[in-house]
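Visitor: no sequence for this one, just the structure:
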């Protein structure tokens with residue numbers, strides 16, 4: 001999970017998270033897991049809409065910021081303002097910048113400085129941590 005010292009608007013016990021998430025979503029969002037590259041149908045989804053947190057429903061990324069990074073994971077060059085937070089991840093013998101939902105603390109993926117203009121950032125997200133709402137179905 002995200003740093004236990006953090007306070008989030010949406011909080012649940014581990015049991016409650018397990019009841020509301022699929023096993024794959026729980027592993028990624030709550031245990032910092034990573035889905036296998038190329039397994040998410042959201043990687044090749046280029047419909048107009050909003051990508052939300054699978055844990056709490058918070059809007060995270062607009063479809064117009066999505067791009068094909070060639071990594072096998074859905075990638076974006078910018079999140080919706082205030083939707084994500086970052087922390088330092090020192091696992092796997094390297095230092096990376098972890099991205100998590102600012103509302104529930106769920107682990108989404110990592111951000112790297114090799115993305116396209118205008119930001120130069122690549123928000124490499126686990127598709128299982130996201131849900132997609134097509135433009136016509138986006139809730140206001």
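Guide: That came in fine, so what should we check first? Given the structure is predicted, the values throughout are model-derived calculations rather than measurements.
Visitor: what residues does the worst-scoring helix or strand of the chain on mean pLDDT touch?
Guide: When each helix and strand of the chain is scored by mean pLDDT, DSSP states H and E, strand 84-89 comes last, with a mean of 91. Residues outside strand 84-89 that contact it (CB atoms under 8 Å, 6 or more residues apart in numbering): 2-3, 32, 60, 95-102, 108, 110-111, 123. (C-beta placed from N, C-alpha, C; glycine too.)
Visitor: Report the distance from that strand to the chain centre.
Guide: 11 Å (CA atoms, centre = their mean, to the nearest Å).
Visitor: do the same with stretch 111-130
Guide: Taking CA atoms, centre = their mean, one finds stretch 111-130 lying 10 Å from the centre of the chain it belongs to.
Visitor: how far does it stretch from start to finish?
Guide: With CA to CA, to the nearest Å as the measure, stretch 111-130 spans 15 Å from end to end.
Visitor: residue contacts, the most centrally placed residue in the chain?
Guide: For the chain, residue 108 is the residue whose C-alpha lies nearest the centre (CA atoms, centre = their mean; 2.9 Å). By CB under 8 Å, 6+ apart, the residues touching residue 108 are 29, 53, 60, 84, 99, 100, 101, 123, 125, 126, 129, 130.
Visitor: And it, what's its pLDDT?
Guide: Turning to residue 108, the model gives it a pLDDT of 98.
Visitor: Going by secondary structure, it is in what exactly?
Guide: strand 107-112 (DSSP states H and E).
Visitor: Help me confirm that residue 100 is found in a strand?
Guide: Yes: the assignment for residue 100 is a strand, going by DSSP: H, G, I helix; E, B strand; the rest coil.
Visitor: Quick check: buried residues in the least confident helix or strand of the chain?
Guide: 84, 85, 86, 89 (16 or more other CB atoms under 10 Å).
Visitor: got those residues as CSV, with distance to residue 76 columns?
Guide: What follows is those, written out as CSV (distance: CB to CB, whole Å):
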residue, distance to residue 76
84, 10
85, 15
86, 14
89, 18
